[in-house]
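Participant: Any chance you could fold what I've pasted below:
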Amino acid sequence: MKRHESLHPLSQHHHFALIEALQIRRAAELPEEKRSAALRKVAEAFVRFWKKTGQQHFREEEEVLLPAYARHISIAEDGDVVRMLADHAEIRALISQIEAALEANTSLDDAVIALGQRLSEHVRLEEDNIFPRIEATLSEDELHEMGISLTRLHPRRRSPL
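Facilitator: Coordinates of the predicted model:
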């Protein structure tokens, strides 16, 4: 599905989150003797990703995207939005658990695997269900205004004149 340009930054973040989730899944599928070390490595990479862009992404969804949508609908009555916010809390909790396990050098396999699964499901929920409804609900001007406040990971290339 073609995404409205204003939502491209969030969809771009989702693309990278899905890559992280794929790396977690691949590590989890390794033979048992390699699995824990691989999961620790991807956990460390994910925490760097989270600190660099993930936290900001959640804030933008919660502070820019959803308030724009809430001007039109009651988000408390939208089960997908409620699920989205619950996912945000669960993902933050898993990351906190993983950070603590990394620091203490304790087992983190289950938490990392759960994070990868939750992350993948979460992105699909937003891309397949929530974003299309927001695009259909907000006016072109509202979408444009909202898009200005979103962080692009890679600035758009300007064509040479």
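Participant: Any regions of the protein where pLDDT drops low?
Facilitator: The chain contains residues with pLDDT under 70 at 1, 152-161.
Participant: As a check, name the ranges of all helices in it.
Facilitator: Counting by DSSP state H, the chain has helices at residues 8-28, 32-49, 55-60, 66-70, 79-104, 109-125, 131-137, 140-148.
Participant: Could you dump those into CSV and include mean neighbour count?
Facilitator: C-beta here means a position set from N, CA and C on the backbone, and glycine is covered the same way. Formatted as CSV, these follow (neighbours: other C-beta atoms under 10 Å):
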stretch, mean neighbour count
helix 8-28, 18
helix 32-49, 16
helix 55-60, 16
helix 66-70, 16
helix 79-104, 15
helix 109-125, 18
helix 131-137, 16
helix 140-148, 14
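Participant: For those, could you give me CSV that also reports distance to residue 2?
Facilitator: Shown next, in CSV, are the helices of the chain (distance: least, C-beta to C-beta, whole Å):
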stretch, distance to residue 2
helix 8-28, 10
helix 32-49, 26
helix 55-60, 21
helix 66-70, 19
helix 79-104, 20
helix 109-125, 17
helix 131-137, 10
helix 140-148, 13
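Participant: what residues are up against residue 82?
Facilitator: Residues counted as contacts of residue 82 (C-beta atoms under 8 Å, 6 or more residues apart in numbering) are 75-76.
Participant: Return the residues in contact with residue 72.
Facilitator: With C-beta under 8 Å, 6+ apart, residue 72 has these contacts: 137-138.
Participant: From residue 3, how far out is it?
Facilitator: Between residue 72 and residue 3 the computed distance is 19 Å (C-beta to C-beta, to the nearest Å).
Participant: ok now do the closest residue to residue 56 other than its chain neighbours, which residues does it touch?
Facilitator: Of all residues not flanking residue 56 in the chain, residue 151 sits nearest, at 5.8 Å (C-beta to C-beta, 6 or more residues apart in numbering). Going by C-beta under 8 Å, 6+ apart, residue 151 touches 9, 53, 56-57, 60.
Participant: ok, 7 Å please
Facilitator: 9, 56, 60 (C-beta atoms under 7 Å, 6 or more residues apart in numbering).
Participant: Tabulate the residues you listed (a markdown table), appending distance to residue 79.
Facilitator: Shown next, in a markdown table, are these (distance: C-beta to C-beta, whole Å):
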| residue | distance to residue 79 |
| --- | --- |
| 9 | 25 |
| 56 | 26 |
| 60 | 22 |
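Participant: Could you point out which of those residues is nearest to residue 147?
Facilitator: residue 9 (7.3 Å; C-beta to C-beta).
Participant: Kind regards, and thank you for your time.
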